[in-house]
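*Asks:* Mind looking at a prediction? Sequence and model below.
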Amino acid sequence: MIGESAWRKTLLQADANLHDAIRCLNESALQIALVVDSEGRLLGTLTDGDVRRGLLRGLGLESGVRQVMQKEAMVVQPEMGRDMVLSLMRVNKLHQLPIVDANCRVTGLHVWDDLAARTDRPNTIVVMAGGLGTRLRPHTETCPKPLLPVAGKPMLEHIVERARLEGFSNFVFSLFYLGHMIEEHFGDGSRWNARIEYVREEKPLGTAGALGLIKPRPEVPCLVTNGDVLTDIRFGDVLDFHQRNNAAATMAVSLHEWQHPFGVVQINGIDITGFEEKPISRTHINAGIYALDPATLDLLPGAERCDMPTLFEIARQAGRRTVAFPMHEPWLDVGRPDDLKRARERQPGP
């Protein structure tokens with residue numbers, strides 16, 4: 001998504017005329033105008049071609065934009081990931097695609113040239129790679145979990161390579177159990193054209209506590225991921241969502257479905273009020289990927305053990321905004337031998 005100052009130049013009020021539309025198109029230089037009502041709700045879109053076709057029909061520059069705008073414009077919601085957006089734009093031959101919220105208010109604009117170009121990002125990705133991997137024994141007796149091979153290379157290498165494709169080059173690995181093996185494999189990161197630094201836990205600090213060891217504190221939002229998560233999620237999408245929603249902390253969540261093995265009887269006292277045959281329960285689970293503002297790190301309770309849900313609760317109670325990034329991408333937390341087997345059977349995406 002392009003910057004807010006850029007897409008706001010494309011907004012055009014519904015009572016504008018074609019002269020206003022031409023000025024809007026020239027000033028934004030984005031080849032589209034978004035016609036909105038007084039509440040910012042999208043009513044239609046307008047291009048230079050629409051204006052020209054209106055003039056050919058005999059309309060004048062004082063004619064209203066409602067007479068030429070496209071009322072059935074394709075739109076997407078903020079949660080849609082970059083790959084899906086690019087696919088929609090490619091299939092439909094679109095160069096611009098408005099972003100609207102659930103109330104149809106404009107919140108942004110995707111532009112093909114901006115999306116298709118990879119942007120180098122200064123943000124740091126912190127990888128929690130110090131876990132004991134107890135549930136994966138005997139695989140982890142002599143190898144730290146993030147170095148277990150999947151599709152011919154360590155899990156952690158898949159994470160680094162995926163992030164590099166998105167323009168991330170700064171990494172911090174948090175180490176504890178057999179951490180020297182991870183450091184020996186990755187070194188300073190130059191093999192991946194990246195910079196990798198390390199923090200070392202003297203005792204297990206949980207999924208958030210090691211963030212307090214990072215010096216100096218990041219100056220821009222950072223991403224945090226567990227070192228045993230394999231997913232096709234785009235880290236940049238999480239970061240953009242976090243910043244777009246002015247959040248202090250963002251947690252990627254995955255939809256988990258579980259079907260009850262029995263028919264459920266609904267009762268009120270001793271009276272039967274209904275039946276539901278093997279209902280499906282749907283919940284959102286923590287996917288182990290986060291975006292955090294630098295100020296959120298100040299809420300950590302010193303060099304003490306702290307897990308991410310605890311940090312999110314501390315932030316929420318402090319009045320900071322904590323939000324969920326809904327995932328639809330494939331996701332696997334490699335915590336048990338069956339998970340490792342599934343990961344090795346599935347070739348991770350690029």
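*Replies:* Received the coordinates, thanks.

*Asks:* drop to CA atoms for contacts and neighbour counts, all remaining ones
*Replies:* Will do.

*Asks:* Under the pLDDT cut-off, which ranges of the stretch 51-200 of the chain? List them.
*Replies:* Across the stretch 51-200 of the chain, residues meeting the criterion (pLDDT under 70) sit at 83, 116-119, 133-134, 136, 139.

*Asks:* switch the cut-off to 50
*Replies:* Scanning the stretch 51-200 of the chain for pLDDT under 50 picks out no residues.

*Asks:* All the strands of it, residue numbers only.
*Replies:* Taking DSSP state E, counting those that start in this stretch, the strands of the stretch 51-200 of the chain run over residues 96-100, 106-111, 121-128, 149-150, 153-154, 168-175, 195-200.

*Asks:* could you say what helices and strands the second one packs with?
*Replies:* Here strand 106-111 touches helix 4-7, strand 96-100, going by 3 or more CA pairs under 8 Å, 6 or more residues apart in numbering; DSSP states H and E.

*Asks:* Against residue 174, how distant is the residue nearest to residue 176 when sequence neighbours are not counted?
*Replies:* Nearest non-adjacent residue to residue 176, counting by CA to CA, 6 or more residues apart in numbering: residue 130, 4.2 Å away. Using CA to CA, to the nearest Å, one obtains 6 Å as the distance from residue 130 to residue 174.

*Asks:* Identify the contacts common to these two.
*Replies:* Taking CA atoms under 8 Å, 6 or more residues apart in numbering as the contact rule, residue 130 and residue 174 both touch residue 201.

*Asks:* Wasn't residue 304 part of a helix?
*Replies:* No. If the criterion is DSSP: H, G, I helix; E, B strand; the rest coil, then residue 304 is coil and not within a helix.

*Asks:* right, and it touches residue 205 too?
*Replies:* Yes. A contact is recorded between residue 304 and residue 205 when judged using CA atoms under 8 Å, the distance being 6.2 Å.

*Asks:* what about these two, which has more around it?
*Replies:* For residue 304 versus residue 205, the count of surrounding residues by other CA atoms under 10 Å is larger for residue 205: 20 against 15.

*Asks:* helix/strand/coil for the more buried one?
*Replies:* Once three-state DSSP is applied, residue 205 turns out coil.

*Asks:* Report how many residues lie close to residue 294.
*Replies:* 16.

*Asks:* Distance of it relative to residue 131?
*Replies:* When distance is defined by CA to CA, residue 294 is 24 Å away from residue 131.

*Asks:* Helices along the stretch 251-350 of the chain, start to end?
*Replies:* Taking DSSP state H, counting those that start in this stretch as the criterion, the stretch 251-350 of the chain carries its helices at 294-297, 308-317, 337-345.

*Asks:* So the residue nearest in space to the middle of the chain: helix, strand or coil?
*Replies:* For the chain, the residue whose C-alpha lies nearest the mean C-alpha position (CA atoms, centre = their mean) is residue 238; its distance is 2.0 Å. For residue 238, the secondary-structure state derived from three-state DSSP is helix.

*Asks:* coming back round to it: looking at the helices and strands packed on strand 106-111, which is buried most?
*Replies:* strand 96-100 (a mean of 21; mean count of other CA atoms under 10 Å).

*Asks:* neighbours around the closest residue to residue 292 other than its chain neighbours, how many?
*Replies:* With sequence-adjacent residues excluded and distances taken as CA to CA, 6+ apart, residue 292 is closest to residue 249, at 4.6 Å. When neighbours are defined as other CA under 10 Å, residue 249 has 28 of them.

*Asks:* Test my guess that residue 249 contacts residue 295.
*Replies:* No. At 9.8 Å, residue 249 and residue 295 do not qualify as touching, with contact defined as CA under 8 Å.

*Asks:* distance of the nearest residue to residue 120 once chain neighbours are set aside from residue 121?
*Replies:* Once flanking residues are discounted, residue 120 sits nearest to residue 167: 4.2 Å by CA to CA, 6+ apart. Between residue 167 and residue 121 the computed distance is 5 Å (CA to CA).

*Asks:* Also residue 166?
*Replies:* Distance from residue 166 to residue 121, by CA to CA: 8 Å.

*Asks:* Look at these two and report which has more neighbours.
*Replies:* For residue 166 versus residue 121, neighbours defined as other CA under 10 Å are more numerous around residue 166 (17 against 13).

*Asks:* I figured the more buried one hits residue 236, correct?
*Replies:* Yes. Applying CA under 8 Å as the test, residue 166 and residue 236 come out as touching, 6.8 Å apart.

*Asks:* Now list whatever residues contact both of those two.
*Replies:* Listed contacts common to residue 166 and residue 236 are nil; contacts here mean CA under 8 Å, 6+ apart.

*Asks:* Figure out which of the helices and strands packed on strand 106-111 is closest to residue 45.
*Replies:* Across the helices and strands packed on strand 106-111, residue 45 has its closest neighbour in strand 96-100 (8.8 Å, CA to CA).

*Asks:* Can you give the distance of that closest one from its chain's centre?
*Replies:* Distance of strand 96-100 from the chain centroid (CA atoms, centre = their mean, to the nearest Å) equals 17 Å.

*Asks:* Sweet, I'm off.
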